[in-house]
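Q: Okay, structure incoming, though there's no sequence with it:
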């Protein structure tokens, strides 16, 4: 019984150490510039949705500022593989005729897999018609360590922390 406990402690320590290495001191961020980066250069809306705009392939970020601290957002942007919530893991399957699809798992049971494909189409598959299926290792989200400057990263974080839910208009 002690071995699993030690394994859990070692795994948690390794993840915490890796997460700690993603944190860097950043300049003050600009929310407006961050919103522009999310919608443009960062290409975040290709996978994420914010206040009704963007894709449904990744997690909806409309209220990310009320659920994540700035340091956690920074860690997720720099090292997205460190922590992936179960509902956000990618799912990959191969049909009997060799068609390969990776998307977002919506539901699965003993007999079927229901997922959203990369074109945001709902797809249902009988498991008997699949060669293989299972969760994808790692995150589909890229690291922004080399894609954004420290100022741009700070701007994105400043913007994301303002997202506290759907704005009433």
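A: Happy to help now that I have it. This one's a predicted model, so the numbers in the text were calculated from it and none came from an experiment. Numbering: from 1, shown residues only.
Q: What strands line up against whichever strand or helix holds residue 101, and which way round?
A: Assignment of secondary structure by DSSP states H and E places residue 101 within strand 100-108. In the sheet, strand 100-108 lines up against strand 90-95 (antiparallel), strand 112-116 (antiparallel) (DSSP bridges).
Q: And the contacts of the last one?
A: I take that to be strand 112-116. With Cβ atoms under 8 Å, 6 or more residues apart in numbering as the test, strand 112-116 has contacts from 56-57, 91, 93, 101, 103-108, 122-127, 130, 133. Glycine gets a C-beta too; all of them are placed from N, C-alpha and C.
Q: Is there a quick PyMOL command that grabs whichever of the residues you listed are buried?
A: Applied in PyMOL, the following selects the buried portion of those according to 16 or more other Cβ atoms under 10 Å:
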select buried, resi 57+91+93+101+103+104+105+125+130+133
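Q: Give me the residue ranges of this protein where confidence is low.
A: Scanning the chain for pLDDT under 70 picks out 1-24, 166-169.
Q: what about the helices in it?
A: Along the chain, counting by DSSP state H, helices occupy 2-22, 31-39, 64-67, 70-78, 150-160.
Q: Need the contact partners of stretch 75-95.
A: Stretch 75-95 is contacted from outside by 15, 18-19, 21-24, 58-59, 68, 100-105, 113, 115, 125, 129-136, 138-145, 148, 153, 156-157, using Cβ under 8 Å, 6+ apart.
Q: What residues of that stretch count as buried?
A: Neighbour counts over stretch 75-95 (16+ other Cβ under 10 Å) mark 75-80, 82, 84, 89-93 as buried.
Q: ditto for stretch 151-169
A: Within stretch 151-169, the residues that count as buried by 16+ other Cβ under 10 Å are 152-161, 163.
Q: what's residue 122 in contact with, if anything?
A: Contacts for residue 122 (Cβ under 8 Å, 6+ apart) come out as 106, 114-116.
Q: Can you give me the separation between it and residue 115?
A: Residue 122 is 8 Å from residue 115, where distance means Cβ to Cβ, to the nearest Å.
Q: what do you get for residue 66?
A: According to Cβ to Cβ, residue 66 and residue 115 sit 28 Å apart.
Q: neighbour-wise, which of those two wins?
A: Neighbour totals were compared for residue 66 and residue 115, and residue 115 leads with 22 against 10 (other Cβ atoms under 10 Å).
Q: Is the more buried one bridged to anything, and to what?
A: In beta-bridge terms (that is, DSSP bridges), residue 115 pairs with residue 105, residue 123.
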